[in-house]
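In: Model the structure of this input:
(one chain, ligands or ions: 1)
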Amino acid sequence: MGGTFTKGLQALSKKIQDDSSRDPLDDPPVPAPPDPRLPLTAKQVFNISKSWKGIARAMETTGITMFVKLFEENEDLITLFKKFQYLQTQESRMESLELAQHASIVMTTLDEGIRSLDKVDYLIDYLHSVGKFHTKIAGFRKENFWRIEKPFLAAVKETLGDRYTENMENIYKITIRFILETLSKGFDLADEEKKENEVLTNNI
Ligand code: HEM
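Out: You can find the predicted model right below:
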């Protein structure tokens with residue numbers, strides 16, 4: 001009993017000595033380990049969160065640029081958008097209220113995603129639900145998600161100008177790929193659920 005008490009005191013005294021010899025400036029707090037599902041380091045999350053403020057201030061313009069580029073490179077995709085499939089030229093697309101509204105909704109989704117990089121459970125659930133929503137769009141295939149990768153990066157580059165450094169380009173690439181993978185996964189999950197429900201209904 002006495003021995004245990006003495007050992008405890010010795011350990012406490014050693015801890016006090018160790019703590020008092022530590023200079024808080026030399027030894028910053030260790031950041032929480034990153035969530036293994038997120039392909040970004042804590043520093044990269046910090047950098048993109050800061051950089052994204054430049055996009056958040058110009059969300060609508062960045063969104064319109066992204067969609068105009070998407071349709072420029074993938075003319076076939078515009079037929080999926082009932083509200084503005086009739087827009088034939090780049091000028092009419094740039095000026096369309098319907099396209100601007102849709103671009104804002106998609107950019108707001110990306111904004112919510114990038115603001116939630118530190119809440120990975122929420123982020124994944126959120127992106128899965130947006131991915132699932134796309135199974136309701138007639139003619140939409142999950143491969144379509146990937147077609148927005150290049151237009152997204154080009155639009156971000158256009159908005160950020162000099163602030164789009166090589167390092168930021170790399171971080172934006174990793175981030176958009178993660179977002180698109182998670183949207184695709186949500187799309188697959190909804191498809192699987194649909195098939196399971198069909199089997200269940202056929203067996204009743
Ligand atoms: C960054 C990736 C994307 C995100 C975050 C996203 C997000 C969304 C959201 C939130 C909606 C619901 C809009 C509403 O409620 O009005 C939506 C609708 C839709 N999305 Fe996406 N989307 C993405 C990529 C794409 C791509 C690449 C296509 C290309 C074909 C696409 C096609 C559509 C269509 C056709 C609709 C329905 C529009 C309507 O009829 O109102 N999405 N998307």
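
In: give the contact list for R177.
Out: P39, E149 (C-beta atoms under 8 Å, 6 or more residues apart in numbering). For glycine as for every other residue, the C-beta is placed from the backbone atoms N, C-alpha and C.

In: Quick check: which element contains the residue lying closest to M168 once chain neighbours are set aside?
Out: In space, and not counting its chain neighbours, M168 is closest to S51: 5.5 Å by C-beta to C-beta, 6 or more residues apart in numbering. Per DSSP states H and E, S51 falls inside helix 42-56.

In: my guess is E112 contacts Y126, does it?
Out: Yes - here E112 reaches Y126: they are 6.6 Å apart, a contact under C-beta atoms under 8 Å.

In: who's more crowded, the two?
Out: Y126 (17 against 14; other C-beta atoms under 10 Å).

In: So which residues on the protein come close to the ligand?
Out: 77, 80-83, 105-106, 109-110, 130, 133-134, 137, 140, 144-145, 147-148, 183 (C-beta under 6 Å from any ligand atom).

In: how does it look with 8 Å?
Out: By the rule C-beta under 8 Å from any ligand atom, the part of the chain lying against the ligand is 70, 74, 77, 80-83, 101-102, 105-106, 108-110, 113, 127, 130, 133-134, 137, 140, 144-148, 152, 176, 179-180, 183.

In: Of those residues, keep whichever come out buried.
Out: Neighbour-count burial (16 or more other C-beta atoms under 10 Å) applied to the residues of the chain next to the ligand gives 70, 77, 81, 102, 106, 109-110, 113, 127, 130, 134, 144-145, 147-148, 152, 176, 179-180, 183.

In: Show me these that map onto helices.
Out: Within those, residues falling in helices by DSSP state H are 70, 102, 106, 109-110, 113, 127, 130, 152, 176, 179-180, 183.

In: of these, closest to F46?
Out: For those, the residue nearest F46 by C-beta to C-beta is G113; the value is 16.1 Å.
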